[in-house]
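**Student:** Next one to model:
(one chain, ligands or ions: 2)
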Amino acid sequence: MNNVVKVNPLNPDKDVMERAANIIKRGGLVAFPTETVYGLGANAKSDDSCGKIYIAKGRPSDNPLIVHISSMEQLYDVASRIPDFIAEKLHTIWPGPLTVVLPKGNIGKVATGGLDTVAVRMPAHKVPLDLIRRSGLPIAAPSANRSGKPSPVYASEVREDLDERVDMIIDGGPAFFGVESTVIMFKEEEILILRPGAFSAEDIKEIFGMKVTVSSNLEGAPRAPGMKYRHYAPSKKMFLADSEEYIQQKCRQRGNFVVLCSYELSRKIDCPTILLGSRKDLYEVARNLFPSFRKLDKSEYEYGIIEPFEEKGIGLAIMNRIKKATEGK
Ligand code: TXA
Ligand code: MG
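**Tutor:** Ligands and ions are numbered 1, 2, ... in the order given. Okay, the predicted model is just below:
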């Protein structure tokens, strides 16, 4: 397809970025890499432009988008009533994979899914930062997958899902983390993690010095609307093993399945595998996780069995995605 353009993620070509910015200004859709996953961007200020995102993705219209910004001034524009101490912390954290839900400011109802809050983040990636600056607009961008599919880590996966539904796909190589940003909101003296992600719960706690709760563990807590939809999942069935021993035993019995696992476990089993990386490097596992779901779908096997990982650091996000993808099976 001629809508895919390669750029150097550390120094994106000015002409390409100028073309992309013009597409955004004219109301079109541009897919681009971020430090987390690929995003599908449109002018966040325009209801019409944001509407195209929902159509391209097949996304339910009550599931709001994340508004991407490149400056603190834009934060004060799109959000309102931001406590000074929160703004100060965000100023030191951003750019980075942390999304904050705040009372909405000057932003339309389509980007926010009709809520009175807005989710905002400043991405740590040259391509979206440059696109936001050149277009002079905040950019609303969910992950650039078809609704219900795993988020894309590679431009080729964006093409697989969206192709000609997008005006331009900027290929900046693989996204760095491979899991989405962490979404948080403030509630009285507490921080609720609405979606664990690339920014660790431990770091949030240390930086803000507040109690941190993962809200998916709380009954009746406010949730990211996205949490009610099936997410991140391969089309084939996948099961989460409760232990390494379980997988070893299943492999001895055999069957029409493939094991999604670490190098460490793969050495102990005699079974087809899709490798996720080393248990000692959960960042590697995170980068391989969503692409491994797509590999499972393309494989000859009927279903997958996936190894559990430690829920520490980025491991919390990894296990959150695995649990959603396996629906607790
Ligand atoms: O890493 C990321 O966050 C990527 C890149 C492209 O920035 N984007 C991303 O967007 O993952 P998306 O749309 O796939 O996920 C956004 C999540 C959804 O679960 C949505 O429900 C939640 O953020 N969200 C958005 N606005 C919200 C709001 N006002 N209140 C609560 N949750 C919100
Ligand atoms: Mg998504």
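
**Student:** What ranges in the stretch 201-329 of the chain fall below the confidence cut-off?
**Tutor:** Along the stretch 201-329 of the chain, segments meeting pLDDT under 70 span 216-231, 328-329.

**Student:** hang on, residue 196 packs against residue 182?
**Tutor:** Yes - assessed by CB atoms under 8 Å, residue 196 is found in contact with residue 182 at 6.0 Å. Yep, even glycine has a C-beta here, placed from its N, CA and C like the rest.

**Student:** what is in contact with those two at once?
**Tutor:** residue 317 (CB atoms under 8 Å, 6 or more residues apart in numbering).

**Student:** so for stretch 134-142, what's the average pLDDT?
**Tutor:** Across stretch 134-142, the average pLDDT comes to 98.

**Student:** Pull out the buried positions in it.
**Tutor:** Buried residues in stretch 134-142, counting neighbours by 16 or more other CB atoms under 10 Å, are found at 134-135, 137-142.

**Student:** and which of these is nearest to residue 322?
**Tutor:** Relative to residue 322, the closest of the buried residues of stretch 134-142 is residue 142; by CB to CB it sits at 20.6 Å.

**Student:** So the closest one sits against residue 68, correct?
**Tutor:** No - between residue 142 and residue 68 there is no contact, the gap being 10.5 Å when judged by CB under 8 Å.

**Student:** Need the residues touching each of the two.
**Tutor:** With CB under 8 Å, 6+ apart, residue 142 and residue 68 have common neighbours residue 39.

**Student:** those helices in the stretch 151-300 of the chain, which residues are they?
**Tutor:** Using DSSP state H, counting those that start in this stretch, the helices of the stretch 151-300 of the chain run over 155-161, 201-208, 244-253, 263-266, 282-298.

**Student:** helices and strands around the shortest one, which ones?
**Tutor:** Okay, so that is helix 263-266. Applying 3 or more CB pairs under 8 Å, 6 or more residues apart in numbering; DSSP states H and E, we find helix 263-266 packed against strand 273-277.

**Student:** From the rest of the structure, what touches the strand it packs on?
**Tutor:** 258-263, 266, 284-285, 287-289, 292, 295-296, 299, 304, 307.

**Student:** Measure how far it is from the centre of its chain, please.
**Tutor:** Remark: strand 273-277 is offset 21 Å from the chain centroid, using CA atoms, centre = their mean, to the nearest Å.

**Student:** Could you export the buried residues of stretch 134-142 to TSV, including columns for distance to residue 177 and secondary structure?
**Tutor:** Listed next are those as TSV, based on distance: CB to CB, whole Å; DSSP: H, G, I helix; E, B strand; the rest coil:
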residue	distance to residue 177	secondary structure
134	24	helix
135	24	helix
137	25	coil
138	22	coil
139	19	strand
140	20	strand
141	15	coil
142	16	coil
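
**Student:** Where does the prediction get shaky in the stretch 1-150 of the chain?
**Tutor:** Along the stretch 1-150 of the chain, the parts satisfying pLDDT under 70 run over 1.

**Student:** And residue 273, how close does it get to residue 306?
**Tutor:** Distance from residue 273 to residue 306, counting by CB to CB, to the nearest Å: 11 Å.

**Student:** mind giving me the domain ranges of this protein?
**Tutor:** Annotated domains of the chain cover 4-214, 237-326 [automatic domain parsing].

**Student:** give me every residue that touches the closest residue to residue 261 other than its chain neighbours.
**Tutor:** Nearest in space to residue 261, with sequence neighbours left out and distances taken as CB to CB, 6 or more residues apart in numbering, is residue 307 at 4.2 Å. Residue 307 makes contacts with 241, 244, 247, 259-262, 265, 276, as judged by CB under 8 Å, 6+ apart.

**Student:** wait, what's in contact with the most centrally placed residue in the chain?
**Tutor:** The chain has residue 180 as the residue nearest its centroid, 2.4 Å off, counting by CA atoms, centre = their mean. Residue 180 makes contacts with 36-37, 97, 143, 151, 195, 197-198, 317, as judged by CB under 8 Å, 6+ apart.
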